[in-house]
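Peer 1: Pasted the sequence and its predicted model underneath.
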Amino acid sequence: MAELECKLREDLCEVGRRLYNAGFMPGSSGNLSAILSENEILITPSGVSKGFLQPEDIAKIDRQGNQLEGGILPSSEKAVHLAAYEERPDIRAVAHSHPPMLIAFSVAGLNFPGGILPEIEIMFGGNVPIAPYATPGSHALADSIRPHIRNRGTSAVIMDHHGLIAVGHDIYQAAIRSENAEAAAKVIFYARQLGGAKTLSSENVKELRQAYEEMIEKESSTYLGCHRTPQTYWESESSRLSTAIFDSPNEADLEKIVREAVKKAIDMD
């Protein structure tokens with residue numbers, strides 16, 4: 001097995017354990033995937049706890065969802081992953097989890113509110129959209145996320161009464177986005193229990209949204225997109241797959257933008 005594939009399988013197992021321990025993937029729920037090559041996708045198996053995965057448990061499918069390798073069936077919600085990759089040529093990993101507070105917001109019929117936390121403004125543009133309800137495991141569920149996830153600025157979508165889909169340049173980034181969205185939901189919930197969530201000023205939001213737009217633009221210029229790159233790119237980039245988004249010199253600029261924007265917003269508050 002090639003070095004890149006071994007690394008990706010290990011990454012999927014590690015993130016599975018991380019999200020399972022965080023309570024995002026109870027029982028056998030949730031699924032993770034990562035692009036291996038132009039027509040190969042690694043995806044977690046169906047009916048297996050993601051907290052105890054082994055690299056050999058990971059299935060391999062093609063872009064049409066046909067199983068290429070693996071003795072265990074791939075996730076029953078593979079269509080959601082395939083839809084995300086089809087709509088977003090700039091991503092190479094998808095995390096579908098069930099964060100309790102985010103799901104509770106949708107079950108209560110509440111939209112995820114913006115204009116409250118700086119992290120949500122910068123990471124998600126102040127918006128984590130909710131896709132309409134569709135039966136889990138169905139093609140209708142996959143289609144429900146398409147209008148939202150095709151927007152390059154959207155990195156996470158709540159699936160009504162069901163869960164969260166988050167995307168990234170690698171599976172760690174997708175997981176981090178899931179964790180950040182759930183953490184924000186908890187803060188907002190607790191704030192409301194204490195009497196209400198104080199919103200940021202319009203100046204704060206404007207500053208943070210500008211940082212968000214700059215970050216999206218930076219990502220557009222520094223990432224080539226797996227659908228448009230040759231196999232040699234995958235081989236040369238294998239060492240990047242488990243690193244954070246801010247590791248390269250260009251990506252370090254993103255961190256600087258974020259930190260400066262947060263500092264300015266806090267100073268203005």
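Peer 2: Thanks, I have the structure now. These figures come from a predicted structure and were not determined experimentally. Numbers count the residues shown, from 1 in each chain.
Peer 1: how close does residue 218 get to residue 37?
Peer 2: Distance, residue 218 to residue 37, by C-beta to C-beta, to the nearest Å: 26 Å. Where you see a C-beta, it was placed from the backbone N, CA and C, and this is true even at glycine.
Peer 1: swap that for residue 13, sorry
Peer 2: For residue 13 relative to residue 37 (C-beta to C-beta), the value is 20 Å.
Peer 1: Can you list the low-confidence ranges for the stretch 151-269 of the chain?
Peer 2: 220-269 (pLDDT under 70).
Peer 1: what ranges do the helices span in it?
Peer 2: 171-193, 202-222, 231-236, 249-268 (DSSP state H, counting those that start in this stretch).
Peer 1: Show me what the first one is packed against.
Peer 2: The reference is to helix 171-193. Packing partners of helix 171-193 (3 or more C-beta pairs under 8 Å, 6 or more residues apart in numbering; DSSP states H and E): helix 3-21, strand 31-37, strand 93-97, helix 100-107, helix 118-124, strand 156-159, strand 163-168.
Peer 1: Quick one: residues contacting the residue nearest the centre of the chain.
Peer 2: In the chain, the residue lying closest to the centroid (C-alpha atoms, centre = their mean) is residue 166, at 2.2 Å. Counting by C-beta atoms under 8 Å, 6 or more residues apart in numbering, residue 166 touches 94, 95, 96, 97, 155, 156, 157, 174, 175, 177, 178, 181.
Peer 1: beta partners for it?
Peer 2: residue 95, residue 156 (DSSP bridges).
Peer 1: Distance-wise, check it relative to residue 176.
Peer 2: 8 Å.
Peer 1: next one: residue 148
Peer 2: When residue 148 is compared with residue 176 (using C-beta to C-beta), they lie 19 Å apart.
Peer 1: repeat for residue 50
Peer 2: Taken as C-beta to C-beta, the span from residue 50 to residue 176 is 16 Å.
Peer 1: follow-up on the earlier one: who has more neighbours out of residue 13 and residue 37?
Peer 2: Between residue 13 and residue 37, counted using other C-beta atoms under 10 Å, the more crowded position is residue 13 (21 against 16).
Peer 1: neighbours around residue 21, how many?
Peer 2: With other C-beta under 10 Å as criterion, residue 21 counts 11.
Peer 1: so it sits right up against residue 52, yeah?
Peer 2: No: with contacts counted by C-beta atoms under 8 Å, residue 21 stays clear of residue 52, the gap being 10.9 Å.
Peer 1: In space, what's closest to residue 91 - neighbours in sequence excluded?
Peer 2: In this structure, residue 91 finds its nearest non-sequential neighbour in residue 167, 4.4 Å apart by C-beta to C-beta, 6 or more residues apart in numbering.
Peer 1: Identify the residues contacting that neighbour.
Peer 2: Residue 167 neighbours (C-beta under 8 Å, 6+ apart): 84, 88, 91, 93, 94, 95, 149, 155, 156, 174, 177.
Peer 1: For residue 10, give me its contacts.
Peer 2: residue 55.
Peer 1: how close does it get to residue 49?
Peer 2: 17 Å.
Peer 1: Please work out how many residues are found near residue 50.
Peer 2: Quick note: residue 50 (other C-beta under 10 Å) scores 28 neighbours.
Peer 1: actually residue 87, sorry about that
Peer 2: 19.
Peer 1: Can you read off the backbone torsions of the residue nearest to it when sequence neighbours are not counted?
Peer 2: Of all residues not flanking residue 87 in the chain, residue 150 sits nearest, at 3.9 Å (C-beta to C-beta, 6+ apart). Dihedral pair for residue 150: phi -70, psi -20, per degrees, to the nearest 10.
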